[in-house]
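> Next comes the sequence, and after it the predicted model I'd like to discuss.
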Amino acid sequence: MQRVCARLEERARRTVVDDEAMAKKRWAELSPRTRRIVVLAGAVEGALKVSALIDLARRPASQITGSKLRWALAITLINAVGAVPIIYFRYGRRRQSTP
């Protein structure tokens, strides 16, 4: 039992140390691969937000589920790696009936 507790304590200590080291990393200390991933994720999120806001602005309110203002605020203010713009494209727009 003592060995298990000692291992858990050691693992928790290593996790805290690793978390502190990660929190203190600066941009220059990141690997080139990590930098590319961060830049790519930011670009994708930015593109999704811009396209969602343009679609929201051009679309009539009758074709939007909910308030246009609330959608605009959610798309602009919530940072969730593109989740809100994707949710808008999936659920925020009313489906047009095809003739």
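Nice, thanks for sending it over.
> hmm, which helix or strand of the protein has the shakiest average pLDDT?
helix 2-23 (a mean of 65; mean pLDDT, DSSP states H and E).
> could you say what helices and strands the next helix or strand after that one packs with?
Beyond helix 2-23 on the C-terminal side, the first helix or strand identified by DSSP states H and E is helix 32-58. For helix 32-58, the elements it packs on are helix 68-77, helix 83-87, judged by 3 or more CB pairs under 8 Å, 6 or more residues apart in numbering; DSSP states H and E. From N, CA and C alone the C-beta is placed, and that goes for glycine too.
> can you pull the pLDDT of residue 37?
Looking at residue 37, its pLDDT is 93.
> oh, I was asking about residue 55
For residue 55, the model assigns a pLDDT of 94.
> which ones are touching it?
Contact analysis of residue 55 by CB atoms under 8 Å, 6 or more residues apart in numbering lists 88, 89, 93.
> let's see 10 Å
Taking CB atoms under 10 Å, 6 or more residues apart in numbering as the criterion, residue 55 is in contact with 63, 64, 71, 75, 85, 88, 89, 92, 93.
> Now that we have these, which of them are buried?
Among those, the ones that count as buried by 16 or more other CB atoms under 10 Å are 64, 71, 75, 85, 88, 92, 93.
> circling back: as JSON lines, the helices and strands packed on helix 32-58 with distance to residue 45 and mean pLDDT would be great.
Shown next, in JSON lines, are these (distance: least, CB to CB, whole Å; pLDDT from 0 to 100):
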{"stretch": "helix 68-77", "distance to residue 45": "11", "mean pLDDT": "90"}
{"stretch": "helix 83-87", "distance to residue 45": "8", "mean pLDDT": "82"}
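> looking at the ones you listed, which is buried most?
Scoring those by mean neighbour count under mean count of other CB atoms under 10 Å gives helix 83-87 as the most buried, with a mean of 18.
> With just CA atoms, put stretch 40-52 into CSV.
Extracted C-alpha coordinates of stretch 40-52, given in CSV (Å, rounded to 0.1, in the frame of the first residue of the first chain):
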residue,chain,number,x,y,z
LEU,A,40,-2.4,26.8,-38.3
ALA,A,41,-5.0,26.4,-35.5
GLY,A,42,-5.2,30.2,-35.2
ALA,A,43,-5.6,30.7,-38.9
VAL,A,44,-8.3,28.0,-39.2
GLU,A,45,-10.2,29.5,-36.3
GLY,A,46,-9.9,33.0,-37.7
ALA,A,47,-11.1,31.9,-41.1
LEU,A,48,-14.1,30.1,-39.6
LYS,A,49,-15.0,33.1,-37.6
VAL,A,50,-14.7,35.5,-40.5
SER,A,51,-16.8,33.3,-42.8
ALA,A,52,-19.4,32.7,-40.2
